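Visitor: Fold the following for me, if possible:
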Amino acid sequence: MTDIPPTPAARAVARACRTATLATTMAEAGKSGQGGQPYASLVLLACDLDAAPLLLVSTLAEHTKNILADNRVSLLCDGTTGFTEPLTGPRVTLLGFAEKTELPRHQTRFLARHPSAEGYAGFRDFAFYRVSVTRAHIVAGFGKIHWLDDYTYSGDWQALAEAEAGIIAHMNTDHAEAVQLYATKLLGRTEGTWRMCGVDPEGADLIRTDESHEGELLRLPFAKPVSDAEGARVELVRLVKQARAA
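Guide: Next up, the predicted model:
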């Protein structure tokens, strides 16, 4: 990540995370005296094509009660897994506003990344939220610290959003071997049942579905941003050639 500019590096960390720490402000709690206190909780995380965080939360949860009273939130995306010294690894703090969403794309992207959530996503007390990020703070290691005002991906991605479902279905049905090569040859994982579960301008998401490692996620970065199905095809072909050469 040392050669990646801070803003795309911050998005890369967030896009790769399966979970995040959500910080909200405690709503007024009467005599308990907890109103206004910071409240941190663990949530499942997905991202929209522009890297805006997507959440699925219950209205019964404390963090949702807090959001309904004050929708200012912060998310810590931790990319330090596997680092012997965690403080040398990357992490990103996102600041913004959580807003309820019923956009089908948001639901589809979240559930593709977290298929186990389908069991409760339709319950009346659960809702999807999108976080509009206003500022981000990335720590990519000692001395590599930046505040960012341009976190959200601003390039063209609407055509890619419309083509995403078709790209995923095509790769999983007709090019399952390529998806396997991405996971094993490019990303260093063991063989298993790997499937593509998301495509965005900066990369693709892979998920493992065999029982021994069910739900394991991988991030496959693109060398350059893509804006439509043809751009994604070119990049995925390039990556499978690279994998076979390896």
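
Visitor: where along this protein do the strands fall?
Guide: In the chain, the strands defined using DSSP state E lie at 19-25, 38-44, 46-47, 53-58, 72-78, 91-101, 126-139, 145-148, 194-200, 203-208, 217-221.

Visitor: which strands and helices sit next to the helix or strand of the chain with the lowest mean pLDDT?
Guide: Every helix and strand in the chain was compared by mean pLDDT, DSSP states H and E; the lowest is helix 118-121, with a mean of 94. Helix 118-121 sits against helix 104-113, with contacts defined as 3 or more C-beta pairs under 8 Å, 6 or more residues apart in numbering; DSSP states H and E. Quick note: C-beta positions are derived from backbone N, CA and C, even for glycine.

Visitor: which helices and strands sit right next to the helix it packs on?
Guide: Helices and strands touching helix 104-113, by 3+ C-beta pairs under 8 Å, 6+ apart, are strand 46-47, strand 53-58, helix 118-121, strand 126-139, helix 158-174, strand 194-200, strand 203-208.

Visitor: looking at those, which is closest to residue 146?
Guide: strand 126-139 (5.3 Å; C-beta to C-beta).

Visitor: tilt between that closest one and strand 72-78?
Guide: 60 degrees (axes from the mean of the first three to the mean of the last three C-alpha atoms, to 10 degrees).

Visitor: Packing partners of strand 126-139?
Guide: The contact analysis (3+ C-beta pairs under 8 Å, 6+ apart) places strand 126-139 against helix 6-16, strand 53-58, strand 91-101, helix 104-113, strand 145-148.

Visitor: most packed of those?
Guide: Comparing the helices and strands packed on strand 126-139 by mean neighbour count (mean count of other C-beta atoms under 10 Å), helix 6-16 comes out on top with a mean of 23.

Visitor: just the angle between that helix and strand 126-139, please?
Guide: 140 degrees.

Visitor: Also compute the angle for helix 6-16 relative to strand 194-200, please.
Guide: Going by the same axes, to 10 degrees, helix 6-16 makes 140 degrees with strand 194-200.

Visitor: Residues touching helix 6-16, excluding its own?
Guide: Outside helix 6-16, the residues that touch it by C-beta atoms under 8 Å, 6 or more residues apart in numbering are 1, 4, 20, 45, 47, 51, 53, 75, 77, 79, 90-92, 94, 136, 138, 140, 146, 148, 150-151, 153, 200, 202-203, 205, 217, 219, 221.
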